[in-house]
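Colleague: Got a sequence here, can you model it:
(one chain, ligands or ions: 1)
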Amino acid sequence: MKFIVNGGKKLKGEIDVRGSKNAALPVLAATLLTQRTCTIDNIPVIKDVLTFIEIIQSMGGDVRWLSERKVRITNKNIDPNRISRDLVRNIRASILLIGPLLARFGEIKISLPGGCHIGPRPMDIHLDAFKELGFSVTYNKNGEYYHIKRTKNIHKKEITLKGLTVTGTENMLMYAAIHPLKINIAALEPHVEDLGKLLVKLGAKIKGFNSHTLEVIKPIQKTGSAVEHTVMYDPIEAGTFIILGAATKSDIKVKNVPVESLTLTFKKLEEFGVILEIKGTNVFVKGSRSKLKAVSKLITKEYPGIPTDLQAPFGVLATQAKGETLIFDTIYEGRLKYLYELDKMGASVNILSAHKAIIKGPQSLVGKNVESIDLRAGATLIIAALVAKGESVLHGAEQIDRGYEKIEERLTKLGADIKREE
Ligand code: EPU
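Modeller: Here you go, the predicted model:
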């Protein structure tokens, strides 16, 4: 699948941000902890989320869509042995199944995905933590799955993760929701707290949100009345659309922005010379008046730092800003590959290492045949194609569908010329 984009036009109008992928996935995983009915609203209707829901159904979960973005899930009679290994292998987010299933059943056979297009995605921190909690981890080569099983009755009250990991923290938090624990070196990303909010609705008592120490003092109640949770809006999608407005020098309104999760991103946009007006959860991008200038460094870090998931969109912005910007993605090794595609489109790029590059601007971009390597790179190339003069063909549109809901329809409403083709 591909997108055909005719760029070089200014955009106009407003665009809504949808629910956060990286908040929805752990929230859906957490429904596996309980027999209670969970109604989850503001679900982004994207490929990764739909696959995750199918995985829940493969175990016997009762899933009903109540409206376009609202789903009711009852995982009363689930059997992890029935899990579809093929679906699990398809999405990296399957790693989020470990915490809740081990908490509830004490054993799981799971075909976890390994690395991906953005570089190696190790799981040692997740697995080591479960080993410390008394689980054995063996890899079955023939069946290509991990067998994780409680073998020792260790009653630890505290665990220290050996590095900051978002899904690792979420896995531990879900495990602790049944077996209360103090978690040291916990990640602070806003979606960790979003998951925590659902656990609290299920009866858990949790201390330490917004800190590196999370403590579950009281577990969830496994049975009881139904609970309802609304997934937070997506800071990454919001950031992507704001950068889209700035890079195309357009005046657009981005609605449903979780502004409190993007403090440093806004600071960096200001440094780039982007004029923004923030009114509640609406962000008005004044792209036509912004005079873009390079920033000396754009460094991605764990929250509250600038998210790695926005590094590539910022990279396109740097191609339109006057001067040299150093990009330093401290989190992943494979997240600069989109720069080879930007280079084809005329960007001035000097890749220094797997983590660092210098981008010189402003440079006129021209439409080309390019490849979406992962979902963030894909969204980035859409921005580049909309900046560029002429036609671009973006291959690998299905990568973008993993994380952005019907992106071409929503951008068309802003006046973008973008079409999907098989
Ligand atoms: N790491 C390890 N060992 C582990 C786990 C992580 O060495 O066991 C390393 C990773 O290699 C990486 C760093 O720790 O260098 C941080 O990785 P983290 O575990 O925090 O990433 P993740 O939880 O797998 C989530 C998001 C990613 C996002 C990262 C960083 C979800 C489902 N995924 O991944 O989202 O980039 O946090 O913020 O929440 C995306 O949406 O495009 C995406 C890739």
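
Colleague: Would you mind measuring from the closest residue to V166 other than its chain neighbours to the ligand?
Modeller: The shortest distance from V166 to any non-neighbouring residue, by Cβ to Cβ, 6 or more residues apart in numbering, is to A187 (4.6 Å). Any C-beta I mention is one placed from the backbone N, CA and C, and that applies to glycine too. Going from A187 to the ligand by Cβ to the nearest ligand atom, to the nearest Å gives 6 Å.

Colleague: so A187 makes contact with Y303?
Modeller: Yes. Between A187 and Y303 there is a contact at 7.0 Å, judged by Cβ atoms under 8 Å.

Colleague: So which of the two has more stuff around it?
Modeller: A187 (22 against 19; other Cβ atoms under 10 Å).

Colleague: How about the residues of the chain by the ligand?
Modeller: When proximity is defined by Cβ under 6 Å from any ligand atom, the chain lies next to the ligand at 21-22, 25, 93, 121-126, 163, 165-168, 307-309, 331-332, 375-376, 403.

Colleague: Just the buried residues of the residues you listed.
Modeller: The neighbour count (16 or more other Cβ atoms under 10 Å) marks 21-22, 25, 93, 121, 123, 125-126, 165-168, 307-309, 331-332, 375-376, 403 as buried among the residues of the chain next to the ligand.

Colleague: mind listing which of these are in helices?
Modeller: K21, N22, L25, I125, H126, V166, T167, G168, L375, R376 (DSSP state H).

Colleague: Report the lowest-confidence entry in those residues.
Modeller: Minimum pLDDT for these is recorded at L375 (92).

Colleague: So this protein: which segments form each domain?
Modeller: Per automatic domain parsing, the structural domains of the chain span 2-18+233-421, 21-230.

Colleague: tell me the most buried of those?
Modeller: Comparing those by mean neighbour count (mean count of other Cβ atoms under 10 Å), domain 2-18+233-421 ranks first with a mean of 20.

Colleague: what's the span of that one, first residue to last?
Modeller: Start-to-end span of domain 2-18+233-421 (Cα to Cα, to the nearest Å) is 5 Å.

Colleague: Pull the distance from that domain to the chain's centre.
Modeller: Between the mean C-alpha location of domain 2-18+233-421 and the chain-wide mean there is a distance of 15 Å, by Cα atoms, centre = their mean, to the nearest Å.

Colleague: neighbouring strands for the stretch of helix or strand N6 belongs to, and are they parallel or not?
Modeller: Per DSSP states H and E, N6 falls inside strand 2-7. Counting by DSSP bridges, the strands paired with strand 2-7 are strand 390-395 (antiparallel), strand 417-421 (antiparallel).

Colleague: Could you list every helix and strand in contact with the helix or strand that it is followed by?
Modeller: Tracing the chain past strand 2-7, the next element assigned as helix or strand by DSSP H and E is strand 12-16. Strand 12-16 is packed against strand 251-255, helix 407-412, with contacts defined by 3 or more Cβ pairs under 8 Å, 6 or more residues apart in numbering; DSSP states H and E.

Colleague: Just the mean pLDDT for the longest one, thanks.
Modeller: Put plainly, it is helix 407-412. 97.

Colleague: packing partners for that helix?
Modeller: Applying 3+ Cβ pairs under 8 Å, 6+ apart, one finds that helix 407-412 contacts strand 12-16, helix 375-387, strand 417-421.

Colleague: tilt between the first one and strand 251-255?
Modeller: By that I understand strand 12-16. 20 degrees (axes from the mean of the first three to the mean of the last three Cα atoms, to 10 degrees).

Colleague: can you list the residues that contact strand 12-16?
Modeller: Outside strand 12-16, the residues that touch it by Cβ atoms under 8 Å, 6 or more residues apart in numbering are 241, 250-256, 410-411, 413-415.

Colleague: Looks like D374 contacts G403 (just checking).
Modeller: No. Taking contacts as Cβ under 8 Å, D374 lies outside contact range of G403: 9.0 Å.

Colleague: so what's the closest residue to N22 other than its chain neighbours up against?
Modeller: Of all residues not flanking N22 in the chain, H191 sits nearest, at 5.0 Å (Cβ to Cβ, 6+ apart). Applying Cβ under 8 Å, 6+ apart to H191 gives the contacts S20, N22, A23, P26, V166, E170, M232.

Colleague: hmm, 7 Å instead?
Modeller: S20, N22, A23, P26, M232 (Cβ atoms under 7 Å, 6 or more residues apart in numbering).
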